[in-house]
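**Student:** Everything below, folded, please.
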Amino acid sequence: MKKFDVVALGELLIDFTENGTSAQGNPIYEANPGGAPCNVLSMLTKLGRKTAFIGKVGQDIFGNRLRTVLEEVGIDTSNLVTDGEARTTLAFVETFPDGDRDFSFYRNPGADMMLAEEEVDTELLKDTAVFHFGTLSMTHEGVRSATKKAIAAAKEAGAVISFDPNLREPLWKSLDDAREQVAYGLSQCDVLKISDNEIQWFTGEEDYDAGICRLRAQYDIPLIVLSMGKEGSRAYYKDLRVEAAPFLQEKTIETTGAGDTFGGCCLNYVLEYGLHNFDEAKLKEMLTFANAAASIITTRKGALRVMPDKEEIQGQIEENIQSGKHCVAGKPIVTVQ
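**Tutor:** Now for the predicted structure:
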């Protein structure tokens, strides 16, 4: 039995999100703990999984606060390193009326990109069922080597490798460099969580199915989950293609962390059933649960600290059913009385 269900490596930062305006008409920003890998871990921890994070923060007020927050939500921080020179990475998030976002990063350098190969605790990676990573820990050479070392150690220990490209264009020197590192991630993973715009960008195919088909022709990835925002989600597994409708919220504030919440829920199902034991019903259940969780997080600010628990997610699903809406073949059906 492994000590941890999921260990993740990557960025841990402060997301400054808009929270109203001052009396002078200036935007007010709230400092929320963030970073995709830890959002994933927080969701898993809320579902009762044991998690740990590998990363780096600055020796500053934000770094200290982030460490405290991870400990508060139950994520192991034994391999969270403190950098004495680089400051904790900051991101300012502009939210549009429909909940979509634009990011401005302060990360040149940021502590998260300073994680060195020798600072990765391989003993941690030998003791996890799943290892999760993204590409923000592959934007620069030092942390890229650290990430690749972690992947190799986890694979050698028999862990399931989970990858979310989480493309953030402003953080790359060039999109060619980004494409190369995404391709590396695809070549290593057993579970891929990818968004609609990422599959279009990487494959050049506007049609999602065509893009996934192109991807699967080149990479042997047992389970691919595709998040499509307001269109719901799909899972591709063996010869199955399963789709689930979204849970659209009238109270959506922003979408920060929704994809991570979705991805964390999918990994929970991988842990529950095993990577090789899915069928159509289980995939549909997984997507429905993950969609419901992601919809809840869009009504809250600061995903990492406010992840929904299982009861809340099940309640959202029940509410959807009772309102007369349910999902067949990925399309919402309204029951006529």
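
**Student:** what about residue 277, neighbour count?
**Tutor:** 9 (other Cβ atoms under 10 Å). In this view, the C-beta of every residue, glycine as well, is placed from N, C-alpha and C.

**Student:** Can you find which helix in the protein contains the most residues?
**Tutor:** With residue count as the measure and DSSP state H as the assignment, the chain has helix 280-297 as its longest helix.

**Student:** In terms of secondary structure, what does that one contact?
**Tutor:** Under the contact criterion of 3 or more Cβ pairs under 8 Å, 6 or more residues apart in numbering; DSSP states H and E, helix 280-297 touches strand 223-227, strand 233-237, strand 240-244, helix 258-273, helix 310-322.

**Student:** Adding mean pLDDT and mean neighbour count as columns, could you present these in TSV?
**Tutor:** Formatted as TSV, the helices and strands packed on helix 280-297 follow (pLDDT from 0 to 100; neighbours: other Cβ atoms under 10 Å):
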stretch	mean pLDDT	mean neighbour count
strand 223-227	98	25
strand 233-237	98	23
strand 240-244	98	19
helix 258-273	97	25
helix 310-322	93	15
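
**Student:** Just send those back as CSV, with distance to residue 134 too.
**Tutor:** As requested, those are arranged in CSV below (distance: least, Cβ to Cβ, whole Å):
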stretch, distance to residue 134
strand 223-227, 14
strand 233-237, 18
strand 240-244, 23
helix 258-273, 9
helix 310-322, 23
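
**Student:** For residue 190, find the nearest of those.
**Tutor:** Among the helices and strands packed on helix 280-297, strand 223-227 comes nearest to residue 190, with 7.0 Å by Cβ to Cβ.

**Student:** Note down every partner strand of that closest one and its orientation.
**Tutor:** Each strand that pairs with strand 223-227, with its direction, by DSSP bridges: strand 191-195 (parallel), strand 233-237 (antiparallel).

**Student:** Nearest to residue 94, out of these?
**Tutor:** Among the strands paired with strand 223-227, if distance is taken as Cβ to Cβ, the winner is strand 191-195, at 18.7 Å.

**Student:** the inter-axis angle of the closest one versus helix 258-273?
**Tutor:** Between strand 191-195 and helix 258-273, the angle formed by their directions is 160 degrees, by axes from the mean of the first three to the mean of the last three Cα atoms, to 10 degrees.

**Student:** Would you mind naming the residues that pair with the nearest residue to residue 279 once chain neighbours are set aside in a beta bridge?
**Tutor:** What sits nearest to residue 279 in space, not counting adjacent residues and going by Cβ to Cβ, 6 or more residues apart in numbering, is residue 240, at 7.7 Å. Beta-bridge partners of residue 240, counted by DSSP bridges, are residue 237.

**Student:** Now do the contacts for residue 240.
**Tutor:** Taking Cβ atoms under 8 Å, 6 or more residues apart in numbering, we find residue 240 in contact with 278, 279, 280, 283.

**Student:** Looks like the first one contacts residue 236 (just checking).
**Tutor:** Looking back up the chat, that one is residue 278. No: taking Cβ atoms under 8 Å as the contact criterion, residue 278 and residue 236 are not neighbours in contact, 10.9 Å apart.

**Student:** That's all I had, so thanks and see you.
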